[in-house]
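S.K.: Pasting the sequence and the predicted coordinates here, then a few questions.
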Amino acid sequence: MPNYDIFDEYRYFQPANDFTILDFNGHKIAVTICEDIWNLDNKTLYMSSPMEFLSKQNPDFVINIAASPFNFDQQAERKSILAKNAISYKLPVFYVNHVGAHTDLLFDGGSMILNDRGEITHEMKYFDEDFYIADLASVNKNKGAVVPFNGDENKELSSIPLSDEKIKLVYDGLLMGVKDYFKKSGFKKAILGLSGGLDSALVLVLAVKALGSGNVKALLMPGPFSSDHSINDAVELAENLKVSYDIVSINEHYELYNKSLKKYFENTRFDTTEENLQARIRADILMAYSNKFGYVLLNTSNKSEAAVGYSTMYGDMCGGLSVIGDVYKTDVFKLSHFINKEKEIIPENIINKPPSAELRPDQKDSDSLPEYGILDNILYYYIECQLSSTDIVKKGFNAETVNKVISLVNNSEYKRFQFPPVLRISPKSFGSGRRIPLVAKHDY
């Protein structure tokens, strides 16, 4: 057997005569599965082109049965591929896509029909089951929406923050992800720590929308550095959503930890050790509630934090499911504004105040990290677009900042290895979507 790359094993065992034409009621149907229609131009997945083989048998139309996972850039490329097949082979295409969530993978549905001019004549629901009967005789006669071609194979992905249209899709995808995770796992109730910050606020809204307010519990766990307005904001949000909540102070627990460790930590300064203690105490309390009452703990960390390791192992990284672990902080803001579009659900003070972990006096995220508008773009270019530090600097970013951010990403892989499953909404999510060795030598 010759040498082959990661895709070639499938190519090698995929002879052209495996592709099928079905005869049904006098019609010849070209049946393709998922990637069969993506074998175009220089995107060759097989040694032989399925559509080239099938088109020589003069089918009347094409059915593509797909399980195409969602990401916020997938739909435009998917439509372009479908249209190009319809035009290239002068055949209508019936695209039937799976819908539903399987842990981290979200399948968005969005089945559609294209005429032989590559125009979409009917498009079905996203993130929901749908049903439609098409009149085959009229498909090619119908005028549909023209699909713009995306011919640049080296294109960059969409920039962040996401457009309003994509934010709606991401919101719907996250809802489906939470809903199906619980439904398919047999779980009914969720719990999370509500800090008064934006990330936990967004996750609470998504959980309530997906599971119902009666199935969601919020714990407010103020500590020695929590501000009064954070507690008040969290209470206001919980009451807006009619969610049951308890206020469990961690002050006593924190004092006991410090007292028991005092003789061992003598002559040392307050640092991330004491900060992380607070996060881990909160995780212990949340897991105690989870065990006692049968809740699943939802993780509330965003992608920006996970990327640079701005999180605590066995603390705020705990959870059965990471709801927004593939959502950058800048897009957390956009999702929150989207939720508040018709009426204020998330208190504006939560959205407007400077992000802070509140683990030391007057702490702000910007003390340790670049502003999120800068950080998230660097992360996006490095993770999703897979650009080098040199190429990112060429886009106008400060070289020292770029190298610092990339170093943080690379050195935090061991943390992400222990992260809960992350609902995938981007082209490159942490977890199964981005496998990196825990121990590696990096050059910058």
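M.R.: That came through fine. Residues are numbered from 1 along each chain as shown.

S.K.: roughly how far apart are Gly173 and Thr32?
M.R.: 25 Å (C-beta to C-beta, to the nearest Å). Every residue, glycine included, has its C-beta placed from N, CA and C.

S.K.: now Val402
M.R.: Computed as C-beta to C-beta, the Val402 to Thr32 distance reads 43 Å.

S.K.: Kindly report the same for Met313.
M.R.: Going from Met313 to Thr32 by C-beta to C-beta gives 45 Å.

S.K.: now stretch 116-127: mean pLDDT?
M.R.: Stretch 116-127 shows a mean pLDDT of 94 in the predicted model.

S.K.: same deal with stretch 302-309?
M.R.: Stretch 302-309 shows a mean pLDDT of 95.

S.K.: Need the contact partners of that stretch.
M.R.: With contact meaning C-beta atoms under 8 Å, 6 or more residues apart in numbering, stretch 302-309 is reached by 199, 310-311, 322, 324-330, 332, 369, 372, 375-376, 379, 383, 405, 408-409, 411-412, 415-416, 419, 422, 426, 430.

S.K.: Then stretch 85-98?
M.R.: Residues beyond stretch 85-98 that count as contacts (C-beta under 8 Å, 6+ apart) turn out to be 30, 37, 40, 51, 55, 59-68, 82, 107-118, 134, 136, 139-140.

S.K.: Which residue of Met313 and Thr32 possesses the greater neighbour count?
M.R.: Ranked by neighbour count (other C-beta atoms under 10 Å), Met313 and Thr32 place Thr32 first, with 23 against 16.

S.K.: Can you tell me the closest non-neighbouring residue to Met221?
M.R.: Arg282 (4.7 Å; C-beta to C-beta, 6 or more residues apart in numbering).

S.K.: Quick check: the one you found vs Val178, distance?
M.R.: 21 Å.

S.K.: same question, Ile339
M.R.: Distance, Ile339 to Val178, by C-beta to C-beta: 14 Å.

S.K.: repeat for Lys404
M.R.: Counting by C-beta to C-beta, the separation of Lys404 from Val178 is 34 Å.

S.K.: quick one: which of the two has more around it?
M.R.: With neighbours defined as other C-beta under 10 Å, Lys404 and Val178 compare such that Val178 has more, 24 against 17.

S.K.: mind listing the helices for the stretch 1-150 of the chain?
M.R.: 8-12, 50-55, 74-89, 136-139 (DSSP state H, counting those that start in this stretch).

S.K.: pretty sure Ser68 is in contact with Leu106, am I right?
M.R.: No - counting by C-beta atoms under 8 Å, Leu106 is not a contact partner of Ser68; they are 10.5 Å apart.

S.K.: The two: which has the busier surroundings?
M.R.: Each of Ser68 and Leu106 has its neighbours counted (other C-beta under 10 Å); Leu106 has more, 24 against 20.

S.K.: Leu40: how many residues sit nearby?
M.R.: 15.

S.K.: which non-adjacent residue is nearest it?
M.R.: Lys84 (5.9 Å).

S.K.: Can you report how many residues neighbour the one you found?
M.R.: 20.

S.K.: distance of it from Arg78?
M.R.: Taking C-beta to C-beta, one finds Lys84 at 11 Å from Arg78.

S.K.: from memory Ser226 sits against Glu358, does it?
M.R.: Yes - taking contacts as C-beta under 8 Å, Ser226 lies within contact range of Glu358: 5.3 Å.

S.K.: which residues touch Ile247?
M.R.: Ile247 touches 219-222, 231, 235, counting by C-beta under 8 Å, 6+ apart.

S.K.: shared neighbours of Ser226 and Glu358, which are they?
M.R.: In terms of C-beta under 8 Å, 6+ apart, Ser226 and Glu358 are both contacted by the residues Ser195.

S.K.: And the strands in the stretch 1-150 of the chain?
M.R.: 20-24, 27-33, 61-66, 93-97, 99-102, 105-108, 112-114, 119-123, 145-146 (DSSP state E, counting those that start in this stretch).

S.K.: out of these, deepest packed?
M.R.: strand 112-114 (a mean of 25; mean count of other C-beta atoms under 10 Å).

S.K.: Kindly point out the strands partnered with that strand and how each is oriented relative to it.
M.R.: Paired strands of strand 112-114, with direction, are strand 93-97 (antiparallel), strand 119-123 (antiparallel) (DSSP bridges).

S.K.: Perfect, I'm done here.
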